[in-house]
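Visitor: have a look at this prediction, sequence included:
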Amino acid sequence: MQRPDQIALLKRLLHFVETKSTAMADDVWENDTRIYTDPAHLEREQAELFRKYPLFMGFAREWAEPGSYSTDDHCGVPILISRGRDGVLRAFLNVCRHRGAKVAEGCGKARVFSCPYHAWTYDLAGHVIGIPDERAFPDVRRNRESLKQLPLCEKHGLVWVLATPAADGATTFDVDPWLSGLGPELGSWGFETWSFHDRRLIPEPMNWKVMVDTFNEGYHIGFLHRESLGPILHGNVTDFQAFGLNHRLVFPRKKLERLKGMPESEWDAMWYTTIVYSLFPNTIFIVQGDHVEVNRMFPTEGRPDRALMELALYVPNAAVTDDERAHWAKNMQLILDVVTGEDFPAGRTIQSGFLAGAQTHTVYGRNEPAMIHYHQSLRRALQLPVDGDARAAAE
């Protein structure tokens, strides 16, 4: 975020705090509860949102060196990402061209990828380099010369993948049109030098969007998080800005008022706010002073009431001392205490309420503009009416 934008943002937040106000939507908005419970709606989401929109995968430094690789199955498609010897980062379907078994598991560094089933072997660029008893497979190498590649974008120090092979065979794409103006702001934080620190997988018996909703409003901070975040953040005070289907939601910290006694040249949004980016469709990207939290949410088990959140912590410099490791461990534990100890228990009750049929619609207040924007964006992406019956999703 450029300095003039930071100053303007902080001034807006100071005004909100002083006037006990917040960013407001034009009107309240109702959302059909079947989007959280209908299997047909979930099937549509999986086909459209998780197959056709760029999915955030991580910080580029996770694949810093040639041979660095990772695998990811969360969106329902087995994905392999690797840095080639030529320095190019590529994404593939993690599917052997012989019988379809995975050629890699987990993450780390590799010289080649070898299928454990029949040892077909691939180089870091996905090309077939070894077929045992190849005489039994005449001309197969020519027709199945490499792993099926997926479009990948490495930009702003971050990585996105499209989980469906491009019809025209493209292996790269530009994420900026999808970010709708947010790209330069993400790039301004200098994430290309940041390091991955820790990752946790959190399964829950709730719809994946209930997980996302947790991060899309500050209305609940003074109540659900009275003891944990209440002393740190102002409740029910946020600044909101949309970037196409994405958005930015900013929460002022209690220490924001200190800015009144400081020259504007010393104002720093990263240290006096919590900045929450929603990267459509399923990623919450939180800039927290000295670290970044990334939450990626996915439906699981083919059920609308089952989901997984991948929580990752990124830091400006890799921890090398015991004190540094203890500092980041404390930060991770705070996140887990708040999200899994407070937010998700409430989310479980929300999901049970949806399944009970107690109401046909939820309502979002004018003080929840990010909630309204996110769910309207989902409906637009699914080609459903923004102000209408969600029944079309099941037809």
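Guide: Perfect, I can see it now. Numbering: from 1, shown residues only.

Visitor: for stretch 166-178, the distance to its chain's centre please.
Guide: 19 Å (CA atoms, centre = their mean, to the nearest Å).

Visitor: er, stretch 263-282 actually
Guide: Put simply, stretch 263-282 sits 17 Å off its chain's centre (CA atoms, centre = their mean).

Visitor: mean confidence for it?
Guide: When pLDDT is averaged over stretch 263-282, the result is 94.

Visitor: ok, stretch 382-390 next?
Guide: Averaging pLDDT along stretch 382-390 gives 76.

Visitor: now swap in stretch 333-348 and tell me
Guide: For stretch 333-348, mean pLDDT rounds to 95.

Visitor: what residue is smack in the middle of this structure?
Guide: Thr283 (1.9 Å; CA atoms, centre = their mean).

Visitor: pretty sure that residue contacts Met57?
Guide: No. In this structure Thr283 lies outside contact range of Met57 using CB atoms under 8 Å: 9.4 Å. Just so you know, the C-beta spots here come from the backbone N, C-alpha and C atoms, and that holds for glycine as well.

Visitor: sorry, back to before: what is the residue nearest to the centre of the chain paired to in the beta sheet?
Guide: For Thr283, the beta-bridge partners are Leu279, Arg296 (DSSP bridges).

Visitor: one more: Arg199?
Guide: Counting by DSSP bridges, Arg199 is bridged to Ala312.

Visitor: quick one, what contacts it?
Guide: Arg199 sits next to 310-313 when contact means CB atoms under 8 Å, 6 or more residues apart in numbering.

Visitor: list of residues touching the lowest-mean-pLDDT helix or strand in the chain?
Guide: Among the helices and strands of the chain, helix 140-143 carries the lowest confidence by mean pLDDT, DSSP states H and E, at a mean of 84. Helix 140-143 is touched from outside by 128, 131, 134, with contacts defined as CB under 8 Å, 6+ apart.

Visitor: in that helix, which residues are buried?
Guide: Buried positions in helix 140-143, judged by neighbour count with 16 or more other CB atoms under 10 Å: Arg141.

Visitor: which parts of the stretch 251-395 of the chain are strands?
Guide: Per DSSP state E, counting those that start in this stretch, the stretch 251-395 of the chain carries strands over the ranges 273-279, 283-288, 291-299, 307-315, 361-364.

Visitor: closest one to Glu105 among the ones you listed?
Guide: strand 307-315 (16.5 Å; CB to CB).

Visitor: that closest one vs strand 283-288, what angle?
Guide: Per axes from the mean of the first three to the mean of the last three CA atoms, to 10 degrees, the angle that strand 307-315 makes with strand 283-288 is 30 degrees.

Visitor: which neighbouring elements make contact with strand 307-315?
Guide: strand 195-204, helix 208-213, strand 291-299, helix 322-338 (3 or more CB pairs under 8 Å, 6 or more residues apart in numbering; DSSP states H and E).

Visitor: out of the ones you listed, which comes closest to Thr19?
Guide: Across those, Thr19 has its closest neighbour in helix 208-213 (26.7 Å, CB to CB).

Visitor: returning to that earlier point: mind listing what the residue nearest to the centre of the chain touches?
Guide: Residues in contact with Thr283 (CB under 8 Å, 6+ apart) are 55-56, 294-297.

Visitor: tell me how far Glu301 lies from His98.
Guide: Distance, Glu301 to His98, using CB to CB, to the nearest Å: 29 Å.

Visitor: quick one: which of those two has more around it?
Guide: The neighbour count for Glu301 versus His98, taken as other CB atoms under 10 Å, is higher for His98 (18 against 11).

Visitor: my guess is that one contacts Ala119, does it?
Guide: No. At 9.5 Å, His98 does not count as touching Ala119 under the criterion of CB under 8 Å.

Visitor: now the residue of the chain most remote from its centre: phi and psi?
Guide: Centroid-distance maximum for the chain: Arg135 at 45.6 Å, with CA atoms, centre = their mean. Phi and psi for Arg135, reported as degrees, to the nearest 10, are phi -60, psi -20.

Visitor: one more: the one 4 residues further on?
Guide: Backbone geometry at Asp139, expressed as degrees, to the nearest 10, gives phi 70, psi 0.

Visitor: returning to that earlier point: which one of the contacts of Arg199 is nearest Asp343?
Guide: Closest to Asp343, out of all of those and judged by CB to CB, is Leu311, at 11.7 Å.

Visitor: enumerate every residue touching the closest one.
Guide: Shown in contact with Leu311 (CB under 8 Å, 6+ apart): 199-202, 293-295, 335-336, 339.

Visitor: redo the residues you listed as a markdown table? Include distance to Val159.
Guide: Output for the contacts of Leu311, formatted as a markdown table (distance: CB to CB, whole Å):
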| residue | distance to Val159 |
| --- | --- |
| Arg199 | 15 |
| Arg200 | 20 |
| Leu201 | 19 |
| Ile202 | 22 |
| Glu293 | 17 |
| Val294 | 11 |
| Asn295 | 16 |
| Ile335 | 22 |
| Leu336 | 25 |
| Val339 | 24 |
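
Visitor: which of these are buried?
Guide: The buried subset of those - by 16+ other CB under 10 Å - is 202, 293-295, 335, 339.

Visitor: so Asp268 sits right up against Ile7, yeah?
Guide: No. Using CB under 8 Å, Asp268 is not in contact with Ile7; the gap is 10.1 Å.

Visitor: contacts for stretch 56-69, please.
Guide: The contact list for stretch 56-69, computed with CB under 8 Å, 6+ apart, reads 70, 72, 79-87, 89, 91, 104, 107-111, 113, 124, 154, 157-161, 191-196, 279, 283, 285, 294, 296, 312, 314.

Visitor: meant to ask about stretch 113-133
Guide: Outside stretch 113-133, the residues that touch it by CB under 8 Å, 6+ apart are 66-67, 69, 80, 82-86, 88, 90, 92, 96-99, 101-104, 110-112, 137, 140-141, 144-147, 149.

Visitor: filter those residues down to the buried ones and hand me the PyMOL line.
Guide: Here is the PyMOL command that selects the buried residues among the contacts of stretch 113-133 (16+ other CB under 10 Å):
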select buried, resi 66+69+80+82+83+84+90+92+96+97+98+102+103+104+110+141+144+146+147+149
